[in-house]
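Undergrad: Any chance you could fold what I've pasted below:
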Amino acid sequence: MADIAFDDQVDITDKVCPLTFVKAKVAIEELDDGEVLAIRMNDGEPVQNVPRSMKEEGHKILKLEDNEDGTYTLYVRKVED
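TA: Residues are numbered from 1 along each chain as shown. Reported below is the predicted structural model:
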């Protein structure tokens, strides 16, 4: 695991686009401003799309970590509009 403390986590490895981002978006909306969400996702489309979408929503990407099992964990800090 990364040395990043997070407040909540969501696993979207069982989802396909665009549901990956929808699930991640719902999860981050439930957090308070400044809290960190860890999003576990499959390599490929989600890794390309979810970080970009989170950034477009105005959230801060802290780290994208390769779990070396075909999945990645994205750490995102919630930023209120």
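
Undergrad: contacts, neighbours, all on C-alpha from now
TA: Will do.

Undergrad: any idea how far the closest residue to Arg77 other than its chain neighbours is from Val22?
TA: Using C-alpha to C-alpha, 6 or more residues apart in numbering and skipping residues adjacent in sequence, the residue nearest Arg77 is Val36, 4.3 Å away. Note on Val36: its distance to Val22, by C-alpha to C-alpha, to the nearest Å, is 17 Å.

Undergrad: Looking at these two, which is more packed in?
TA: Val36 (24 against 14; other C-alpha atoms under 10 Å).

Undergrad: what's near enough to touch that one?
TA: Contacts for Val36 (C-alpha atoms under 8 Å, 6 or more residues apart in numbering) come out as Ala5, Phe6, Asp7, Asp8, Tyr75, Val76, Arg77, Lys78.

Undergrad: Could you rerun that using 10 Å?
TA: Contacts for Val36 (C-alpha atoms under 10 Å, 6 or more residues apart in numbering) come out as 4-9, 28, 59-62, 75-79.

Undergrad: How about Leu19?
TA: Leu19 touches Ile12, Lys25, Pro46, counting by C-alpha under 10 Å, 6+ apart.

Undergrad: for the spatially most central residue of the chain, what are its contacts?
TA: In the chain, the centroid-proximal residue (C-alpha atoms, centre = their mean) is Ile39; its distance is 3.5 Å. Shown in contact with Ile39 (C-alpha under 10 Å, 6+ apart): 8-13, 20-21, 23-24, 27-28, 50-51, 64, 72-76.

Undergrad: Going through those residues, which ones are buried?
TA: Neighbour counting over these (16 or more other C-alpha atoms under 10 Å) leaves 9-10, 12-13, 20-21, 23-24, 27-28, 50-51, 64, 72-76 as the buried ones.

Undergrad: which ones among these are found in helices?
TA: Thr20, Phe21, Lys23, Ala24, Ala27, Ile28, Val50, Pro51 (DSSP state H).
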